[in-house]
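Engineer: I need the structure of the sequence given here:
(one chain, ligands or ions: 2)
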Amino acid sequence: MQRLTPQPLTKATFARFGDVVETDGAAPIEINQGFARRCNGLAVIDVTSGGAAVNISLFEAKPRPLPIEIKLMERHPLGSQLFMPLQDRPWLVVVCDDPRDAASYCAFAASGRQGVNYARNVWHHPLLVFDEASRFMVVDRISADNLEELWLEQPLFLSIL
Ligand SMILES: NC(=O)N[C@@H](O)C(=O)O
Ligand code: NI
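Structural biologist: Ligands and ions are numbered 1, 2, ... in the order given. Next up is the predicted model:
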């Protein structure tokens with residue numbers, strides 16, 4: 001039984017899979033007469049291929065049974081997919097280079113102030129959360145042909161720290 005142990009999520013370690021959406025390391029701009037700040041350019045949204053439009057959605061997810069079994073991986077060949085937590089609670093990210101190669105898997109422990117933007121065609125596990133009614137904003141490309149899944153012959157298990 002192969003186990004995956006999450007590592008802290010950082011821009012550097014996640015770079016080949018996409019963007020980490022966070023204010024850490026960003027340069028905020030003061031706006032609204034000084035009553036707000038904004039950080040621009042935190043992710044590259046790549047969803048308009050083929051003339052598609054950006055889709056903004058809200059997810060409400062629930063925890064999976066423990067130990068979390070990784071038995072399915074998916075990717076979106078036509079667009080990126082961004083997940084941003086809305087309740088400041090930690091969550092999990094599992095990605096890989098090749099779902100058939102167990103050595104290519106990476107698990108990340110995301111803080112409640114970190115989102116991820118999976119680049120187009122990046123293999124990832126569907127949303128993984130720790131808490132009931134976990135709310136996320138999602139930016140992606142809704143289209144019938146934007147999903148490829150692969151069920152793993154040898155599931156992996158996520159070791160929760
Ligand atoms: N199914 C769906 O819309 N979400 C997945 O693509 C996911 O990555 O959670
Ligand atoms: Ni997805």
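
Engineer: closest to the centroid, which residue in the protein?
Structural biologist: Centroid-nearest residue in the chain: Val116, 4.2 Å away (criterion: C-alpha atoms, centre = their mean).

Engineer: longest single strand anywhere in the chain?
Structural biologist: Criterion DSSP state E: the longest strand present in the chain is strand 148-158.

Engineer: give me the buried stretch members for that strand, please.
Structural biologist: Using 16 or more other C-beta atoms under 10 Å as the test for burial, strand 148-158 gives Leu152, Leu156, Leu158. Using the backbone N, CA and C atoms, a C-beta is placed for each residue, glycine as well.

Engineer: dump the residues you listed to a markdown table, plus distance to ligand 1.
Structural biologist: Formatted as a markdown table, the buried residues of strand 148-158 follow (distance: C-beta to the nearest ligand atom, whole Å):
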| residue | distance to ligand 1 |
| --- | --- |
| Leu152 | 16 |
| Leu156 | 17 |
| Leu158 | 15 |
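
Engineer: can I get stretch 138-152 as PDB, trimmed to CA atoms?
Structural biologist: Provided in PDB are the C-alpha atoms of stretch 138-152 (Å, rounded to 0.1, in the frame of the first residue of the first chain):
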ATOM      1  CA  VAL A 138     -13.800  27.800  -8.700                       C
ATOM      2  CA  VAL A 139     -12.800  29.400 -12.000                       C
ATOM      3  CA  ASP A 140     -12.700  27.000 -14.900                       C
ATOM      4  CA  ARG A 141     -14.200  26.100 -18.300                       C
ATOM      5  CA  ILE A 142     -17.500  24.300 -18.400                       C
ATOM      6  CA  SER A 143     -17.700  22.000 -21.400                       C
ATOM      7  CA  ALA A 144     -18.700  18.400 -22.000                       C
ATOM      8  CA  ASP A 145     -15.300  17.600 -23.500                       C
ATOM      9  CA  ASN A 146     -13.100  19.100 -20.800                       C
ATOM     10  CA  LEU A 147     -12.700  16.100 -18.500                       C
ATOM     11  CA  GLU A 148     -10.400  13.100 -18.800                       C
ATOM     12  CA  GLU A 149     -10.400  10.600 -15.900                       C
ATOM     13  CA  LEU A 150      -8.200   7.600 -15.100                       C
ATOM     14  CA  TRP A 151      -9.000   5.000 -12.400                       C
ATOM     15  CA  LEU A 152      -5.900   3.700 -10.700                       C
END
